[in-house]
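[1] Sequence unavailable; structure follows:
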């Protein structure tokens, strides 16, 4: 029969739609937005870029056609944030290495100044 739960798409009279309230979520129930934990796992999976288009298609079929805008913005935004985090770590490590090299060089220069020369000892 045709149904509409008020949130999903309404089935056309020419379509045969079934309400699958008790149907398991995809990937043996791992992909769902039923609670915060499940939603965060799905968003983390999408953030890594692993199979995000499949999840986007499922949400598009389950809700409405414009849900793709959310997924595009999320994926591009998370890739931007992830790239910035990687660059920040690299820059931080280079700064630490540069500072350690500067300290080591100043210690070597300081010890060379304090060491008496061989010609002064004679």
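    Sure thing, it's come through. Being a predicted model, the structure only gives us computed values, none of them experimental. Residues are numbered from 1 along each chain as shown.
[2] which regions of this protein sit below the pLDDT cut-off?
    Residues of the chain that meet the criterion pLDDT under 70 lie in 1-13, 15-24, 26-29, 110-122.
[3] Scan it for its longest helix.
    helix 67-114 (DSSP state H).
[4] And it, what does it pack against?
    Counting contacts by 3 or more Cβ pairs under 8 Å, 6 or more residues apart in numbering; DSSP states H and E, helix 67-114 is packed against helix 36-48, helix 52-62. No exception for glycine: its C-beta is placed from N, CA and C like everyone else's.
[5] Compare the ones you listed and give me the one nearest residue 14.
    Comparing the helices and strands packed on helix 67-114 by their distance to residue 14 (Cβ to Cβ), the top pick is helix 52-62, with 17.6 Å.
[6] Give me the angle between the closest one and helix 36-48.
    Calculated by axes from the mean of the first three to the mean of the last three Cα atoms, to 10 degrees, helix 52-62 forms an angle of 130 degrees with helix 36-48.
[7] Can you tell me what sits against helix 52-62?
    With Cβ atoms under 8 Å, 6 or more residues apart in numbering as the test, helix 52-62 has contacts from 8, 26, 31, 42, 45, 46, 67, 68, 71, 75.
[8] List the contacts of the fourth one.
    Going back to what we said before, that points to residue 42. In this structure, residue 42 makes contact with 31, 32, 33, 55, judged by Cβ under 8 Å, 6+ apart.
[9] Filter those residues down to the buried ones.
    Buried members of the contacts of residue 42, scored by 16 or more other Cβ atoms under 10 Å, are 31, 32, 55.
[10] any idea how far residue 95 is from the closest residue to residue 43 other than its chain neighbours?
    Excluding its sequence neighbours, the residue lying closest to residue 43 (Cβ to Cβ, 6 or more residues apart in numbering) is residue 74, at 7.4 Å. Distance of residue 74 to residue 95, computed by Cβ to Cβ, to the nearest Å: 31 Å.
[11] now do residue 77
    In this structure, residue 77 and residue 95 are 27 Å apart, going by Cβ to Cβ.
[12] swap in residue 81?
    Distance from residue 81 to residue 95, by Cβ to Cβ: 21 Å.
[13] next one: residue 101
    Using Cβ to Cβ, which is the criterion applied here, residue 101 is 11 Å from residue 95.
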